[in-house]
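Colleague: Below: sequence and its predicted model.
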Amino acid sequence: MADNKVPAFTDIPGKPGFEYAPARPGWIEYPEEPPTMKMPRKPKLKDFVTPDYSAEGRQRFEQMVFTKIGGNPAKIDVMKEVSEANKALPKMFNEFFSGRVYWGDRDKLSKEQADEWDDVVKRWHAHVYYMVTSKKKTMLDEHEWMMDTFDSKAAEYKEAVKRARTEHKARLEEWKKAKEPSELAIFEEKERIKREVAKEYEKPPKPPTPTETRMTAKDVASAEITILETPENPEVKGAIGLFNQYATKPYVYIWKAQMKDIPWGRDIEVEQAVKIKLPKIKGKQAYAKDVWDTAQTHGITIEEVLTRIGALK
């Protein structure tokens with residue numbers, strides 16, 4: 001007599017810890033049928049986990065960065081901080097001369113005392129300057145690193161969307177090849193009708209109105225004012241881009257490291273907006289928007305364009 005004992009999991013190598021019922025006599029396991037091949041759906045932006053990588057999203061992220069690092073480093077006025085530090089001079093004066101001369105009588109100092117005090121003031125100014133500069137530099141570095149990370153993630157996201165759409169196009173081509181000619185013809189006809197219907201709703205782009213032209217000119221002027229008022233503020237990079245893209249001026253602005261002269265200390269390197277004059281090319285004056293358009297057309301930076309035309313060494 002056949003043994004109908006239900007084997008335990010220990011009797012079946014590689015099986016998980018549970019018992020199973022024996023198969024019915026004559027039972028046959030058929031393989032699953034392959035799923036019907038469907039036309040791949042075109043990916044949409046909502047298919048991705050989408051942080052806000054728009055211009056507005058970048059601005060909101062930057063405000064979060066400012067909160068994290070303790071403020072906007074571009075608004076730190078080093079020279080103003082040095083001037084504010086002069087409030088400590090009366091107390092320092094009285095401590096330095098140990099009550100022998102008081103702040104109100106500093107005009108009575110001997111030449112030797114005046115020279116000593118002048119040296120103290122210079123060293124104090126230098127100390128405050130380098131402390132504030134160091135703090136500002138650290139904050140700027142943190143701001144730049146966080147914003148570069150955001151921009152890098154934004155670029156990765158855009159590349160992922162582009163890659164997904166490219167893969168969809170390839171899968172769509174494979175799907176077309178697998179279809180019967182008659183089915184493919186029906187599909188192509190439907191797509192043609194969609195395109196024809198879409199064309200009916202397409203309107204030719206309108207040329208800019210005089211008001212829009214004036215607004216663009218106003219935006220360019222406003223951007224240049226922003227650049228000139230706060231050239232060391234990293235936030236002017238957006239204004240630089242706007243100016244270079246639309247301005248019909250014989251110069252451009254770029255963000256570049258420059259050496260800055262400090263009266264009471266060694267020169268330091270700071271990054272700021274720098275105006276670069278443009279030359280004439282084949283007798284024709286080059287303008288900011290020409291440089292921008294050339295960079296966009298050839299997929300290079302504005303600095304590379306400036307180097308090639310001899311405006312930047």
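Modeller: On my side now, so go ahead. Numbers count the residues shown, from 1 in each chain.
Colleague: ok so Met259 is a strand residue?
Modeller: Yes - the assignment for Met259, made by DSSP: H, G, I helix; E, B strand; the rest coil, places it in a strand.
Colleague: Just to check, Ile302 is in contact with Val252?
Modeller: Yes - using C-beta atoms under 8 Å, Ile302 is in contact with Val252, at 6.5 Å. Where C-beta positions appear, they are placed from N, C-alpha and C, glycine not excepted.
Colleague: quick one, strands of the protein?
Modeller: Remark: strands assigned in the chain by DSSP state E are 251-260, 268-277, 280-281, 284-285.
Colleague: Of the ones you listed, which is nearest Tyr130?
Modeller: With C-beta to C-beta as the measure, strand 268-277 is the member of those nearest Tyr130 (8.8 Å).
Colleague: Name the residues of that closest one that are buried.
Modeller: Val270, Gln272, Ala273, Val274, Ile276 (16 or more other C-beta atoms under 10 Å).
Colleague: can you redo the residues you listed as TSV with distance to Asp151 and pLDDT?
Modeller: Formatted as TSV, the buried residues of strand 268-277 follow (distance: C-beta to C-beta, whole Å; pLDDT from 0 to 100):
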residue	distance to Asp151	pLDDT
Val270	22	75
Gln272	20	87
Ala273	19	89
Val274	22	91
Ile276	24	93
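Colleague: Contact partners for Val291?
Modeller: Contacts for Val291 (C-beta atoms under 8 Å, 6 or more residues apart in numbering) come out as Asn244, Val252, Leu278, Ile302, Val305, Leu306, Ile309.
Colleague: Give me the pLDDT value at it.
Modeller: Confidence at Val291, expressed as pLDDT, is 90.
Colleague: How much space separates it from Gly238?
Modeller: 17 Å (C-beta to C-beta, to the nearest Å).
Colleague: cool, Ala114 as well?
Modeller: On the measure of C-beta to C-beta, Ala114 and Gly238 end up 49 Å apart.
Colleague: What is the burial count for Asn94?
Modeller: 15 (other C-beta atoms under 10 Å).
Colleague: what's the answer for Glu167, then?
Modeller: 12.
Colleague: related to what we said a few turns ago, could you dump the contacts of Val291 into CSV with neighbour count and pLDDT added?
Modeller: Below are the contacts of Val291 laid out as CSV (neighbours: other C-beta atoms under 10 Å; pLDDT from 0 to 100):
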residue, neighbour count, pLDDT
Asn244, 25, 90
Val252, 27, 94
Leu278, 20, 92
Ile302, 24, 89
Val305, 23, 89
Leu306, 21, 90
Ile309, 16, 87
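Colleague: Which one of these is nearest to Asp107?
Modeller: Using C-beta to C-beta, those come closest to Asp107 at Val252, 51.9 Å.
Colleague: In the sheet, which residues pair with that closest one? Tell me.
Modeller: Ile276 (DSSP bridges).
Colleague: For the stretch 151-300 of the chain, which segments count as helices?
Modeller: Using DSSP state H, counting those that start in this stretch, the helices of the stretch 151-300 of the chain run over residues 181-201, 210-229, 236-246, 288-298.
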